[in-house]
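Undergrad: take this sequence and fold it.
(one chain, ligands or ions: 1)
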Amino acid sequence: MLDLDLAALRPRLGDRALFPDLEPFAYLNHAAISPPSRLVRAALHRCIDDYAARGAGALLTWLEQRARLRGELAALIGAEFAEIGLTMGTSPGLTAVALGVPWRAGERVVLFEGEFPANVTPWLQAAALFELTPVMLPLADFEASHARGLERLEATLRAGARLVAVSAVQFQSGLRMPVAEIAALAHRYGAELAVDAIQACGVVPIDVRAEGVDYLACGAHKWLMGVEGAGFLYVARERAAALRPATASWLSHEDPVRFLFEGAGHLRYDRPIRARADQVEGSAANLLGHVALAAALAPIRELGVAAIFEHVQGYLDALEGPLQARGFVSRRAPEAAARSGILSVVPPPGVELPGLHRRLLAEGVACTTPDGHLRFAPHWPNDQAEAPRVLAAIDRALAG
Ligand SMILES: Cc1ncc(COP(=O)(O)O)c(C=O)c1O
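TA: The predicted structure follows:
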């Protein structure tokens, strides 16, 4: 059933034909979890049906598909194939780096107050294990302006740091961080840069080489439109050799499966661990999650991230002014370089947020409420023509 007419269903900006079962008329939750498209659902069916028919005999087919996925992810962020490892989400990638950097006791790691915890907890764990000093900088300086944030960061880096960890886009305010400038500063003072890109990849253009990113971790279920429990890690080629394979396991070795296929005498534990990002692929993988991610990437590739970004800005422009006119305070940055796929607003005084959110959902508007904000996050299938209906629903929800 799901396979019918898929070839005819080309993705088009503002067209949700690939999401026929989506209930809310305005699905503005791509910063939380994206619904799977018909392409994703069909790919998952194909994969599971193949395993149902062939069991282990299906493995090779889907291993090849995973290899293609690595290449596609590399192309998406301007990396090389060998710089990508498939993971089960953002956190496993960040954790592999946090445990793998060859820290020396006393080194400083720069974090930001207000980040999503996935980009704080792994670094604090590393700090506890390796006797590091975490330094928390406020995001408020970057919210005031990129220039002010960079000034404050430089002052901190002057006192020394081993690594800076930042999200490319802040989950709460939608602030897009000046990743290239942060990388340049970090490198000037001898530090490395790790980026949590889950709120950016798929909607905000990223080029790890041009921007000078050392490590980047991402999950599949938001702007990449895959499902939960999948993701990838980028490790810059020149950083890979120094990274300790702290989370390696049996599939992290060179030639890891020879002992299973080539007769007796190949069972060894001393084969080198791959000094590449794919050392994180240490165990039987979340195959279905990676199949979903591969299928989800196809429309993003076809439409192009730059075009998706512009499309989403048009939608957010249509919401932002009218929301401000209704007394909401917008957290969206004035300059385009600091904008993302997220429009977060603080409700007018006296409006109870959980109630407003509940009434909006009942009206068919799906959004989220991170830490006191109402967060709208449309993606390529959202049509700007939804915006007046969203505003009418907000008026009713405010009245109700
Ligand atoms: C900035 C950010 N990082 C990470 C995550 C999730 O991390 P993971 O993929 O490990 O679940 C989220 C949201 O869930 C997020 O907003």
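
Undergrad: which positions in the stretch 151-300 of the chain make contact with the ligand?
TA: Taking Cβ under 6 Å from any ligand atom, the part of the stretch 151-300 of the chain that reaches the ligand is made up of 167, 171, 196, 198-199, 219, 231. For glycine as for every other residue, the C-beta is placed from the backbone atoms N, C-alpha and C.

Undergrad: let me have these in a markdown table, adding secondary structure, neighbour count and pLDDT as columns.
TA: Shown next, in a markdown table, are these (DSSP: H, G, I helix; E, B strand; the rest coil; neighbours: other Cβ atoms under 10 Å; pLDDT from 0 to 100):
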| residue | secondary structure | neighbour count | pLDDT |
| --- | --- | --- | --- |
| 167 | strand | 26 | 98 |
| 171 | coil | 28 | 98 |
| 196 | strand | 28 | 99 |
| 198 | coil | 28 | 98 |
| 199 | coil | 29 | 98 |
| 219 | strand | 29 | 98 |
| 231 | strand | 31 | 98 |
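
Undergrad: of the residues you listed, closest to residue 240?
TA: The shortest distance between residue 240 and any of those, using Cβ to Cβ, involves residue 231 and amounts to 18.2 Å.

Undergrad: list the contacts of the closest one.
TA: Taking Cβ atoms under 8 Å, 6 or more residues apart in numbering as the criterion, residue 231 is in contact with 86-90, 92-93, 198, 217-220, 293.

Undergrad: in the protein, which helix has the most residues?
TA: Across the chain, the helix with the greatest residue count (assigned by DSSP state H) is helix 305-325.

Undergrad: and the spatially most distant residue from the centre of the chain, which of the three is it?
TA: No residue in the chain sits farther from the centre than residue 264, which is 42.8 Å out by Cα atoms, centre = their mean. Taking DSSP: H, G, I helix; E, B strand; the rest coil as the rule, one finds residue 264 in the coil state.

Undergrad: ok, now how distant is residue 247 from residue 371?
TA: For residue 247, the distance to residue 371 (Cβ to Cβ, to the nearest Å) stands at 30 Å.

Undergrad: neighbour count winner among those two?
TA: Shown here are residue 247 and residue 371; by other Cβ atoms under 10 Å, residue 247 has more neighbours (19 against 11).

Undergrad: ok, the more buried one touching residue 94?
TA: No - taking contacts as Cβ atoms under 8 Å, residue 247 lies outside contact range of residue 94: 10.9 Å.

Undergrad: mind giving me the packing neighbours of the helix or strand bottoming out on mean pLDDT in the chain?
TA: The least trusted helix or strand in the chain, going by mean pLDDT, DSSP states H and E, turns out to be helix 258-261, with a mean of 91. Using 3 or more Cβ pairs under 8 Å, 6 or more residues apart in numbering; DSSP states H and E, no helix or strand is in contact with helix 258-261.

Undergrad: list the buried residues for the helix or strand following that helix?
TA: Towards the C-terminus, the helix or strand next in line after helix 258-261, according to DSSP states H and E, is helix 287-303. Residues 287-300, 303 are the ones in helix 287-303 that count as buried (16 or more other Cβ atoms under 10 Å).

Undergrad: same question for stretch 372-385.
TA: Residues 373-382, 384 are the ones in stretch 372-385 that count as buried (16+ other Cβ under 10 Å).
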